[in-house]
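# can you look at this prediction? I've put the sequence above it.
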Amino acid sequence: MTDREWREAADMKPSTVGLALVLLVGFLLRVWHLGSGVPFAVGIDEPAIMTTVLRILKSGDFNPHFFEYPTGYIYVQLGGAVVQFLFGAMDHAWRSVQQVGPSDFYLWGRAITAVIGTATIALLYQAGLRWGARHALLAAGLLAVFPWHVRESHFVLTDVPLTFCVALTLLLSLRAYEKPTFLSFVLAGASAGLAAGIKYNGLMAVSLPIVAAIMASAGRSASLPRVLTAMAACVVMFFITTPYAVLDMPGFLNGFGTQAAAFLPRQRDADVSWLIYLKHLRLALGWPASLLAAAGLILAVVRSLRGPGHGRWVLLVVFPAVFFFLIIGWTFLFARYALPMVPFICLWVAIATISGVSLLRRFDIPRTVRTTLIVALTLAALLPPLVTSVQWLRGFGVKTTQALAWEWIRFAVWPGSLVVSEAKGLDLPPEHYRIQFVKSLDGRDPAELAAQGVQWVILSSDAWGHTIIPDEPRHPPPPGHTAIISLAQEMRVFLPTVDHPGPEIHILRLTSR
């Protein structure tokens, strides 16, 4: 079978309008409810990046003193923070860097991630053109609505930037395979080094330019110089993005060691990790796209072995295989760890949908029938992940009782106040309040709290051991809270409703007596 038989003749012209619509949908999904939870309930790992950014911003010391991540994305966020500070200063929001804290920069930081996530869609489209314009558009469309990618584009985390770098490496490796020049392998290797500079496991992206160097058609004798060129560029770019790996080698080694120690090998008696990832993938894609992805992978493997165009098909298989083998061996298991594989999965789905149906040409099935089948499979592949993404976004954007409490606190509680709180999911920014979080205030003496200078107390039903169900009878605070409630001035109570779920929250003002 020739390479042309895998594509319809009308599938050769890229669709600018189609790509623009896909990018618009992808961008809107990634900025929808972008500020939800800021700054009182940010993502679990977001502070690790933003506190490091603010430490550099305030000290001028570019050594992050934090190497559990490489510093590539930290420096990107630092650039964003500098720009935001300048705009804020011109708007008279602050006068010095000592006045700002991480909570002031989360929204801009998330916006940077959302833009990078949207740009990844464009990169995948360009890579997908090697298989056909409709392949490229379908793959880009699937990435635009892919629930994992939509979700993680809402946080200041490294997974979406890493996915961008992997997609860039795929694109540049395809170009290096097509035109095997010295510069093409430098660029492909450097993009792999950029991936490693975002997250350590991004180093696996170097498998792409290595395979491109080996498979390139310019002669086997040139393979070794190309491989060495790509690997050298990868190393150089890693140290450009993480310079203190050399300048502060002990700190870097200690940080890397800490991170490596946390990712222990998975125990043999634990649940089968590869199967768990496949379940996560099936839930994200739905059954139609999941089956298409499996079919597309099989087609890619077959073409990798039989050709024509072995190289680009091998590139479509090698990184997911290497990366998947790496992540299934860890104790920690989260769906977002597999995010760098998603662009390849999207291409597998597109290949099964477009190229797979095109195989029907061999049986003299009319083109109208084939086109109708492609449209039906496209809708079946796109709609379930789109619905899943929208459902997650709606849940993410729900205004909880914690959100209502934060809105009241930010206007009613003056900065610098000493606050004692037992409320989960209501993390007041320490740069604005002197905050003490306790597991429970049950039995605490209000006079003792007042003597310590405590001015505000936040009580929450999730610390009482009760699950509050909207429109159900209320559970009063336990007896141990009676003294605080009776002696303090209750300023606001936030009760959960269907529209505003969450714990029951009491905000009390404590005065010395």
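The structure has been received and is ready for your questions. Residues are numbered from 1 along each chain as shown.

# hang on, Cys346 packs against Trp148?
No - the criterion here is Cβ atoms under 8 Å, and Cys346 misses it with Trp148 at 11.1 Å. Placement of C-beta: from N, CA and C, glycine included.

# neighbour count winner among those two?
Cys346 (31 against 28; other Cβ atoms under 10 Å).

# now do the contacts for that one.
By Cβ atoms under 8 Å, 6 or more residues apart in numbering, the residues touching Cys346 are Leu124, Leu138, Ala139, Ala140, Leu142, Leu143, Phe146.

# for the stretch 351-500 of the chain, what are the low-confidence residue spans?
For the stretch 351-500 of the chain, residues meeting the criterion pLDDT under 70 lie at 359-363, 465-475.

# can you map out the strands along it?
Taking DSSP state E, counting those that start in this stretch, the strands of the stretch 351-500 of the chain run over residues 418-421, 434-437, 456-460, 489-494.

# the host helix or strand of Val22: which residues count as buried?
Assigned by DSSP states H and E, Val22 falls within helix 16-31. Buried residues in helix 16-31, defined by neighbour count with 16 or more other Cβ atoms under 10 Å: Gly18, Leu19, Val22, Leu23, Val25, Gly26, Phe27, Leu29, Arg30, Val31.

# export those residues to CSV and tack on pLDDT and distance to Thr241?
CSV is the format used below for the buried residues of helix 16-31 (pLDDT from 0 to 100; distance: Cβ to Cβ, whole Å):
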residue, pLDDT, distance to Thr241
Gly18, 93, 34
Leu19, 96, 29
Val22, 98, 29
Leu23, 98, 26
Val25, 98, 31
Gly26, 98, 26
Phe27, 98, 26
Leu29, 98, 28
Arg30, 98, 24
Val31, 98, 26
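
# could you identify the most distant pair in those residues?
Greatest spatial distance among the buried residues of helix 16-31 (Cβ to Cβ): Gly18 and Val31, at 20.9 Å.

# in this protein, which residue is most central in space?
Glu152 (2.9 Å; Cα atoms, centre = their mean).

# which pair of the contacts of Cys346 spans the longest distance?
It's Leu138 and Phe146 that sit farthest apart of the contacts of Cys346, by Cβ to Cβ, at 12.3 Å.

# so which elements touch the longest helix along the chain?
Counting residues, the longest helix found in the chain (DSSP state H) is helix 367-396. On a contact count with 3 or more Cβ pairs under 8 Å, 6 or more residues apart in numbering; DSSP states H and E, helix 367-396 meets helix 16-31, helix 133-145, helix 147-152, helix 273-285, helix 287-306, helix 356-358.

# try 7 Å
When contacts are defined as 3 or more Cβ pairs under 7 Å, 6 or more residues apart in numbering; DSSP states H and E, helix 367-396 sits against helix 133-145, helix 147-152, helix 273-285, helix 287-306, helix 356-358.

# of those helices, which shows the lowest average pLDDT?
Across the helices and strands packed on helix 367-396, helix 356-358 has the smallest mean pLDDT, namely a mean of 74.

# quick one: that one to chain centroid distance?
33 Å (Cα atoms, centre = their mean, to the nearest Å).

# just use 460 as the starting number from now, easier for me
Taking 460 as the first residue, the last one we looked at is helix 815-817.

# flag every buried residue along that helix.
Gly815, Val816, Ser817.

# so which of those residues comes closest to Leu838?
Val816 (13.5 Å).

# check contacts around the closest one.
When contacts are counted by Cβ atoms under 7 Å, 6 or more residues apart in numbering, Val816 touches Arg829, Leu832, Ile833, Leu836.

# if we go to 10 Å?
Contacts for Val816 (Cβ atoms under 10 Å, 6 or more residues apart in numbering) come out as Glu467, Ile824, Val828, Arg829, Thr830, Thr831, Leu832, Ile833, Val834, Ala835, Leu836.

# okay, now the third one: neighbour count?
I take that to be Val828. Applying other Cβ under 10 Å, we find 11 residues neighbouring Val828.

# how about Asp730?
10.

# do His940 as well
23.

# enumerate every residue touching it.
His940 sits in contact with 881, 899-903, 905, 916, 918, 922-923, 965, 967, where contact means Cβ under 10 Å, 6+ apart.

# for Leu487, same thing?
With contact set as Cβ under 10 Å, 6+ apart, Leu487 has these partners: Ala573, Thr577, Ala603, Leu852.

# isn't the third one right next to Ala578, touching?
No - with contact defined as Cβ atoms under 10 Å, Ala603 does not reach Ala578; the gap is 11.8 Å.

# between the two, which contacts overlap?
Listed as contacting both Ala603 and Ala578 by Cβ under 10 Å, 6+ apart are Leu482, Gly485, Phe486.

# can you list these in a markdown table and add distance to Ala635?
Listed next are those as a markdown table, based on distance: Cβ to Cβ, whole Å:
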| residue | distance to Ala635 |
| --- | --- |
| Leu482 | 26 |
| Gly485 | 27 |
| Phe486 | 29 |
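
# from those residues, which is closest to Leu516?
Closest approach to Leu516 among the shared contacts of Ala603 and Ala578 (Cβ to Cβ): Phe486, at 27.5 Å.
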